[in-house]
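> okay, here's the prediction I keep looking at, along with the sequence it came from:
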Amino acid sequence: MIYLDWAATALPQEDIITETLKKSFKYFANPSAKHFLGKEARAALEEARSEVAGLLNTSPENIIFTSGGTEGDYIPMLSLLSQPSTCSIAVSNIEHSAVREQAAAMKARGYKILQIPADKNGLISADAVLNTIDSDTAFVSVMAVNNETGAIQPIAEIGKALEEYSKGKRKIHFHTDAVQAIGKIPFELSKSAVHSASFSGHKIGAPRGIGFLYLTKNIESFIRGGGQEGGIRPGTENLAGILALAGCLKKYYTNLENYVLNAKKLMDFLIDELSAIEGISFIPAMRPQLRDSFSPWILHFAVKELAGEVLLRCLSDKGICISTGSACSSRKKVRPILESMKIDAKMQQNSVRVSIGPSTQKSELAEFLKILKETLKEFS
């Protein structure tokens, strides 16, 4: 098995998950309970929160544990429903479906949705944001790293531009989906002028169903319940998941420099080898020339005369796992992100995504390339 679909989910960090699962048996009590067992569970929870906050160079009160990236994306947007009047919401046209579909739901409830256009390389500029927002815009969402192309967005620059624009006006809430950024590329949230950011644990080997929302701005949560997580995300906390997330994130941050350096070497090798294969087109076309503008973990390309779904199945039959894009959109034929980049319809359908992780070996990529070439010959 050669696993090259890390952007969908990472291989689990079994040692950390096993260790934290054992801890969760010890701290089984409800962290909201007032007896000593509840207080011990609360202490373990808050220790994990402090650890995550320390890694992000922020305060523990800015970390709200959630069920994952999707919930972290919709909590800030849904908070607008608690306000007395509607407003406009600006989202980039390369957003993950967690943001895109929630924006569509808000539109159905009377909110005006403004689309921030990406350029042909899938990059969103600060000027594009400023040229899109309106006088009644209260919320802007631009993802940090695109999950399909790997395009790294200038979040700090956009945040600074929005701060300047908002002086003397209504403050605009700036949100970023940081699922493919935190722990994967050098990315300092505390210096990015964002008010909220979502993260998903399973992207770094923690269990599915756990994540966090980085939140620096007071919001009134639309979802109500028992008041957990400062009233922002009610529901009894998933302590086992939280402990695992903290441990996995610490491992990624501790090794981040080496992880990124190795990923760049592997991605350079992959791009160079694919460049030599006839009929391969990168998405975007300038990907080989703009390597520093893209995540070293994600690569999108298309095969001239072979549908992506067909190639995926052929490789899967030979033990290689890749994808045609976001796993959350795998049942849909439309490719909104590629469409926004004005990628030709046929190329969209012929495209696939390869994503690597910390344990990916050069020998695995070499084997993938070998089998890819053999597969393409079968269809030539």
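Perfect, thanks for sending it.
> which residue packs closest to Ile271, ignoring adjacent ones?
If you skip the residues right next to it in sequence, Ile271 has Pro288 as its closest partner in space, 5.3 Å away by Cβ to Cβ, 6 or more residues apart in numbering. For the C-beta atoms, the positions are set from N, CA and C on the backbone; glycine is no exception.
> and the helix or strand containing Lys373, how far out from the chain middle?
Taking DSSP states H and E as the definition, one finds Lys373 inside helix 362-378. Average the C-alpha atoms of helix 362-378, do the same for its chain, and the two points are 28 Å apart (Cα atoms, centre = their mean, to the nearest Å).
> let me see the ranges of the helices in the stretch 151-300 of the chain.
Per DSSP state H, counting those that start in this stretch, the stretch 151-300 of the chain carries helices over the ranges 155-166, 239-254, 256-275.
> out of the ones you listed, which comes closest to Ser295?
Each of the helices of the stretch 151-300 of the chain has some distance to Ser295 by Cβ to Cβ; the shortest is helix 256-275, at 8.3 Å.
> now what about that closest one, what contacts it?
Defining contact as Cβ atoms under 8 Å, 6 or more residues apart in numbering, one finds that helix 256-275 is touched by 183-186, 252, 280, 282, 287-288, 291, 296-297, 299, 301, 354, 356, 358, 360, 362, 365, 369.
> take the residues you listed and keep only those in strands.
With strands identified by DSSP state E, the entries of the contacts of helix 256-275 that belong to them are 280, 282, 299, 301, 354.
> about what we covered before: of the contacts of helix 256-275, buried ones?
With neighbours counted by 16 or more other Cβ atoms under 10 Å, these contain buried members at 183-185, 252, 282, 287, 296-297, 299, 301, 354, 356, 358, 360, 365, 369.
> any low-confidence regions in this structure?
Applying pLDDT under 70 to the chain flags the ranges 326-333.
> please identify the most buried of the helices of the stretch 151-300 of the chain.
Comparing these on average neighbours per residue, with mean count of other Cβ atoms under 10 Å, the densest one is helix 239-254 at a mean of 23.
> any idea how far that helix is from the chain center?
For helix 239-254, the separation from the chain centroid amounts to 17 Å (computed by Cα atoms, centre = their mean).
> over to stretch 273-290?
The answer for stretch 273-290 is 24 Å, by Cα atoms, centre = their mean.
> give me the distance between the two termini of that stretch.
17 Å (Cα to Cα, to the nearest Å).
> tell me the secondary structure for Cys314?
Following DSSP: H, G, I helix; E, B strand; the rest coil, the label given to Cys314 is helix.
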